[in-house]
Every structure is written in structure tokens, then in C-alpha cells.
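Engineer: the sequence isn't on hand, but the structure is:
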């Protein structure tokens, strides 16, 4: 920044033909301005200005430098002003709704990073597994997983949300490992009531899809609870990959039937309308899409 400031000062001296007036423009003393220009000349290894007691004139080297830096400084100042305007436009309150498990595990980090980038934005993140009414309850947007029902809301797809099937090693040793989705009908499964069709699991392999009706003695609501239940040996769970990653990595559960892919879900940003969408909302949606880079 010191070098940019020096170039700005040099441009002012050249245009005003006065160290005193250029120093005033940049809130400097004439002596401090003179020192900055001398340091710039030393870096450029060329005399840029001819100074007399009555005037300041550009040398040939100074004229060449001014011609090259003037358009660059103009562009740089436009960028600065544009970013400042963006930051001012982004200021305000952003109210976001998201599912409990996903919000806790995967949204806190990008929300924090977004707030660091846009310090004038205040975020209220409400975590709930119910389907909030964005308009009536005053939300700017909701982050949702799965297949969205038809509605008047605007939705932007952010990323894929792959699923995986898991069970604990001890449970598999006692009950046997399923090799085909149809085998799941004979095993106790952990039913996540947060899924649209909790007892119907869909798989795909090489373009072939198969549906399996599953059942089990344990039903619950939430991916984190389903992972914990699988770790405890309660049966087989089909849950989002992001929720199972840590448990798979440390060996508490293993993934099953890796050649059969559970039907993927999708991550969406949903908002009431994009006609008068606040700038901070647009920024946040684009930020999330960039953060997840296609997959959660």
C-alpha cells in the first residue's frame, strides 16, 4: 500500500505541479511528500520530477511513468470504490433457516467465513427440522436438503448431497453383511423419520434403480442420531455421507454395498423471490455455492 500511495502522490504532484497542494490533498506535510517521492525515484532508479523554487515539472522518465500508471490507478480506485459500495450494500441482518444436523455440522464454518468477508452483515441462523414459512416468519432464505416440493419460492441448487449405507463392524459380524439392496429387507434398519419416505430406500447401479422397503425397531429423526445408533449396533442406516464421514474414518462404522449408490439428495438455497432480493442474500447464496464446490 505504501507504494500505491506513493504513486498516487506522484500523480497528484504531476497534475497540480505543486508539492504543497499535492501534500494537502493527501493529508501530508510538504516534507513528508517530498520524502515519499524521493523514495519512489530511488525505487525506479530515475529522476521523475524537476524541482525549482517556483515549479515542479515532469522529466521524460516521470512522463513515461505517469502515462503507464494513470490508467492503472484509475482502475484500482474504481475497484476500491466498488468493493466499498458492495460492503455498504451488504450491510444488514440476514436470517437463515437450516436443518439441525446439517446446520450444526456443515453450515457453521461457511457462515463464519462469510461474516469475516462481509463484516457489516449480522447473521441469525435458526436450526430446525420443521419446514418454516419463509414469508410469514420473516426469513431471508432457507438451506434445505432433498427434493423440493413445487412452490412459489425461488430455489438455487448449491451442491449434491450423496448418501451412504452403514453399520458397525460388530453388528455385521453378528448379523452378516448385505451384498444387494434386497438383502436389507431381511435386516433391522434404522429409520430416519426426517426422510420424505423413511421406509423406502432407493439404490442405483449402472443406471439400474431398485427400491427396497425396509423396517426396524428403532426410528428416530436426524442423521447424527442415525449415525450414533449405527455405531451402537442398532442396525443398518442410510444417511448423508457428510454425517457418516467421521464415524467411517475412525472405524466405528463401515460403508456397505459400495457398488450400489443410494439415491442422492441435493442441497438448496430457497428464498421468497429474486425480484427484489437483498444484495446480502445474493452474496450469501453465491458464497455457499462456492464453498461446497458441487458436493457436501
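Structural biologist: Here it is on my side, so go on. Since the model is a prediction, treat every value here as computed from it, not as a measurement.

Engineer: so is the spatially closest residue to residue 185 that is not a sequence neighbour in a helix, a strand, or just coil?
Structural biologist: Ranked by Cβ to Cβ, 6 or more residues apart in numbering and with sequence neighbours excluded, the top spatial neighbour of residue 185 is residue 212, at 5.9 Å. (Glycine included, C-beta is placed from N, CA and C.) Assigned with DSSP: H, G, I helix; E, B strand; the rest coil, residue 212 falls in the strand class.

Engineer: contact partners for residue 212?
Structural biologist: Listed by Cβ atoms under 8 Å, 6 or more residues apart in numbering, the contact set of residue 212 reads 181-182, 184-185, 200-203.

Engineer: now swap in residue 108 and tell me
Structural biologist: Residue 108 makes contact with residue 125, according to Cβ under 8 Å, 6+ apart.

Engineer: next, it: phi, psi?
Structural biologist: phi -60, psi -40 (degrees, to the nearest 10).

Engineer: gap between it and residue 114?
Structural biologist: Between residue 108 and residue 114 the distance is 11 Å, computed by Cβ to Cβ, to the nearest Å.

Engineer: tell me the mean pLDDT for the helix or strand harbouring residue 170?
Structural biologist: For residue 170, the host element (DSSP states H and E) is helix 169-175. Per-region confidence: helix 169-175 scores 95 on mean pLDDT.

Engineer: buried ones in that helix, by neighbour count?
Structural biologist: Of all the residues in helix 169-175, those buried under the rule 16 or more other Cβ atoms under 10 Å are 171-172.

Engineer: now stretch 66-73
Structural biologist: For stretch 66-73, by 16+ other Cβ under 10 Å, it's 66, 69, 73.

Engineer: returning to what we had before: for the residue nearest to residue 185, give its distance to residue 199.
Structural biologist: 9 Å.

Engineer: name the helices or strands packed onto the helix or strand bottoming out on mean pLDDT in the chain?
Structural biologist: Lowest mean confidence among the helices and strands of the chain (mean pLDDT, DSSP states H and E): helix 60-90, at a mean of 78. For helix 60-90, the elements it packs on are helix 2-16, helix 279-292, judged by 3 or more Cβ pairs under 8 Å, 6 or more residues apart in numbering; DSSP states H and E.
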